[in-house]
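A.B. asks: Quick one: sequence and predicted model below, then my questions.
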Amino acid sequence: MVVCTHCLFCAAEKAKACSHGKTSYVGPYLQQLIISSFHAYKKTIDPSAGWPSLIVIIIAPVQYTDSHPTSINNATVWIAVAPEPAQHHAVYLSKPSCTLPPIATSTNETAAQAPAPLVAERKVVLGEAAGIPIIDFSGFLDDTAKDEVAKAVIESFKRWGFVYLKNFGLPTEQVDEMFNWASAAFTLLQSKQFFAQPREVKMLAPHPGIPHINRGYIPPGIEKFTQSNDSEEVAEIRHKEPDVIENFSCGHDDSILGKNIWLPEGVLPGFNEACQQFYWKCYGVEISILKAIAVALGLPEDYLAKSHSGRDQSLRLMHYPSVPAQKLVDGEISRIGAHSDFSSITLLFQDDVGGLEVENPDRPGEFISVPPVPRAVLVNAGDFMQRWSNDQIRSALHRVRAPPGMTDGMTPDRYSIPYFCSTDFDLTVDCLPGTYSETNPKKYEPITAGEYITQRLASLYHK
Ligand SMILES: O=C(O)CCC(=O)C(=O)O
Ligand SMILES: [Fe+2]
């Protein structure tokens, strides 16, 4: 049996002579099998080790190896295929340093000894950082471990209010899961370029000065993150310990958070587009996470997602300029004061500088340093999710301080991108079914997201 690997990725139909000069039996079944094995396998790769340049897929026992390698994601792919579907079970992958494993040949009667797999079995919880679980989200996206992933996510939200997710890409984009991370990295890069512009340029997209509007550029010294709603108290805290940050926010033009305020065309080519594209990419990720939360709470999968149309989210590029570390340690200035987020969930993409801290669930008032994990998005639940879940899910206090262990010299600049996911602002949020009972009554009055969030945004922004 001769299989042309090129045909695996073209639409050659069963039993048709393929255009590459071989007899192809690669119909949709085998094509699907190989592509899905490849995806399943790909997810077990530690992405921090980099994308391999050589991938060997062997569907054992091996009958034939195509001598024409094809390529996926610029990696060379060799494929060997056994004729019987029942034998199609093993996929192997090789790092760049590996040479092509010896291909065993076999007859139909004697199965070849398949080489040992090079990677471990797929797990839902990949590890933890500062105690917070790092979860492989792909099992939820491809339905192979839906309940397990949903359960792991909600347990982490209940205990920490935070969870790290890896492989969080949309199912349709799994052809290149790297792309999801790459687009976060790309947006971080765009963000650096934006903040590197002189103040006059950034002020070409100025925040309009209306507190609840969350659009445009806010220079350092204007915002102060606190839990307080009292403007006098905020003024005092701001004076004592100003937040040294600048940021740029954007979203959907139809939101009550305001129309987008972009840089004029031609000022920083590609910036506005990168923000818009990343906004929608994040929205896709948000919807998947909301589905996982609903599944874990025993609700229909779309229960939470259907009230998040994508209109009232905010993408915020944050820049924490370099400051004397000692001043941060002494509390003379702050990067972001302790606060909880207002919305349903927040996706947080950060560079590798560190400094984010989360309140220790076992010791209120104490904060734990939460490191950036390569290629993981950190997701936290906001006040709305806490209200919605009748306090089952935690909206944890968090803040940004000096990078861990740094007490003198100048801190590096830090860049992060939170994406705040909100229910549509006109939606009234009441406790979710199943989160209250006669013995555990509702703890919150219904409230609209708009009312709550505009109130909180107003207390954040001061001229
Ligand atoms: O920059 C960070 O890591 C945190 C940002 C944050 O907590 C926020 O913007 O609400
Ligand atoms: Fe936050």
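C.D. replies: Looks like it came in fine. Ligands and ions are numbered 1, 2, ... in the order given.

A.B. asks: What residue in this structure comes nearest to ligand 1?
C.D. replies: residue 416 (3.4 Å; C-beta to the nearest ligand atom). C-beta: built from backbone N, CA, C; applies to glycine.

A.B. asks: Next up, the contacts around that residue.
C.D. replies: 318, 320, 348-351, 356, 400 (C-beta atoms under 8 Å, 6 or more residues apart in numbering).

A.B. asks: 6 Å instead?
C.D. replies: Residues counted as contacts of residue 416 (C-beta atoms under 6 Å, 6 or more residues apart in numbering) are 318, 350.

A.B. asks: do the same with the one 4 residues further on
C.D. replies: Going by C-beta under 6 Å, 6+ apart, residue 420 touches 314, 343, 346.

A.B. asks: can you dump the C-alpha coordinates of stretch 423-434 into CSV?
C.D. replies: Listed next in CSV are the C-alpha coordinates belonging to stretch 423-434 (Å, rounded to 0.1, in the frame of the first residue of the first chain):
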residue,chain,number,x,y,z
THR,A,423,-21.9,40.3,30.9
ASP,A,424,-23.9,42.7,28.7
PHE,A,425,-24.4,45.7,30.8
ASP,A,426,-28.1,45.8,30.6
LEU,A,427,-28.3,42.3,32.1
THR,A,428,-29.6,41.9,35.6
VAL,A,429,-27.5,39.5,37.5
ASP,A,430,-29.1,37.4,40.2
CYS,A,431,-27.6,34.3,42.0
LEU,A,432,-27.3,31.3,39.6
PRO,A,433,-29.7,28.4,40.0
GLY,A,434,-28.1,25.8,42.3
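
A.B. asks: Residues of the protein that sit close to ligand 1?
C.D. replies: 316, 318, 336, 341, 348, 350, 356, 398, 400, 416, 418 (C-beta under 6 Å from any ligand atom).

A.B. asks: Tally up the residues packed near the third one, please.
C.D. replies: By the measure other C-beta atoms under 10 Å, the count of residues near residue 336 is 22.

A.B. asks: And residue 391, how far from residue 358?
C.D. replies: Remark: distance between residue 391 and residue 358 (C-beta to C-beta, to the nearest Å) = 18 Å.

A.B. asks: So between the two, which is more surrounded?
C.D. replies: For residue 391 versus residue 358, neighbours defined as other C-beta under 10 Å are more numerous around residue 358 (22 against 17).

A.B. asks: Run through the protein and note the low-pLDDT ranges.
C.D. replies: Applying pLDDT under 70 to the chain flags residues 1-122, 170-183, 223-241, 458-463.

A.B. asks: show me where it has helices.
C.D. replies: Using DSSP state H, the helices of the chain run over residues 5-8, 28-42, 138-141, 146-159, 178-195, 199-202, 231-240, 271-296, 325-329, 383-388, 449-460.

A.B. asks: Who are the packing partners of the last one?
C.D. replies: Contacts of helix 449-460 with other secondary structure elements, assessed using 3 or more C-beta pairs under 6 Å, 6 or more residues apart in numbering; DSSP states H and E, are absent: no helix or strand is involved.

A.B. asks: Export only the CA atoms of it, formatted as CSV.
C.D. replies: What follows is helix 449-460 as a C-alpha-only set of coordinates in CSV (Å, rounded to 0.1, in the frame of the first residue of the first chain):
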residue,chain,number,x,y,z
ALA,A,449,-23.6,44.8,35.4
GLY,A,450,-23.7,48.4,34.0
GLU,A,451,-24.7,49.9,37.3
TYR,A,452,-22.1,48.1,39.2
ILE,A,453,-19.2,48.5,36.8
THR,A,454,-19.7,52.2,36.0
GLN,A,455,-19.8,52.8,39.7
ARG,A,456,-16.5,51.0,40.3
LEU,A,457,-14.8,52.6,37.2
ALA,A,458,-15.8,56.0,38.5
SER,A,459,-14.0,55.5,41.8
LEU,A,460,-10.9,54.3,39.9
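
A.B. asks: which residues touch it?
C.D. replies: For helix 449-460, contacts defined as C-beta under 6 Å, 6+ apart pick out 211-212, 223, 229, 256, 342, 422-423, 425, 427.

A.B. asks: Among these, the buried ones, what's the PyMOL command?
C.D. replies: Burial among those is assessed by 16 or more other C-beta atoms under 10 Å; the matching PyMOL selection reads:
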select buried, resi 211+212+223+256+342+422+423+425+427
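
A.B. asks: got the contacts of helix 449-460 as a markdown table, with distance to residue 386 columns?
C.D. replies: Output for the contacts of helix 449-460, formatted as a markdown table (distance: C-beta to C-beta, whole Å):
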| residue | distance to residue 386 |
| --- | --- |
| 211 | 23 |
| 212 | 21 |
| 223 | 23 |
| 229 | 17 |
| 256 | 22 |
| 342 | 10 |
| 422 | 14 |
| 423 | 13 |
| 425 | 18 |
| 427 | 16 |
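
A.B. asks: Report the two of the contacts of helix 449-460 separated the most.
C.D. replies: Across those, the longest distance by C-beta to C-beta is 26.3 Å; it joins 223 and 427.

A.B. asks: Surely residue 397 and residue 336 touch.
C.D. replies: No - assessed by C-beta atoms under 6 Å, residue 397 is found out of contact with residue 336, at 11.0 Å.

A.B. asks: list the residues that contact both of those two?
C.D. replies: Residues touching both residue 397 and residue 336 (C-beta under 6 Å, 6+ apart): there are none.

A.B. asks: Can you give me the neighbour number for the nearest residue to residue 413 once chain neighbours are set aside?
C.D. replies: Closest residue to residue 413 apart from its sequence neighbours, by C-beta to C-beta, 6 or more residues apart in numbering: residue 322 at 5.0 Å. Neighbourhood size, residue 322 [other C-beta under 10 Å]: 12.

A.B. asks: ditto for residue 356
C.D. replies: Residues contacting residue 356 under the criterion other C-beta under 10 Å number 26.

A.B. asks: Switch the residues of the chain next to ligand 1 over to JSON lines; also include distance to residue 328.
C.D. replies: Conversion of the residues of the chain next to ligand 1 to JSON lines gives the following (distance: C-beta to C-beta, whole Å):
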{"residue": "316", "distance to residue 328": "21"}
{"residue": "318", "distance to residue 328": "15"}
{"residue": "336", "distance to residue 328": "11"}
{"residue": "341", "distance to residue 328": "21"}
{"residue": "348", "distance to residue 328": "19"}
{"residue": "350", "distance to residue 328": "17"}
{"residue": "356", "distance to residue 328": "13"}
{"residue": "398", "distance to residue 328": "15"}
{"residue": "400", "distance to residue 328": "9"}
{"residue": "416", "distance to residue 328": "16"}
{"residue": "418", "distance to residue 328": "20"}
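
A.B. asks: Alright, calling it a day.
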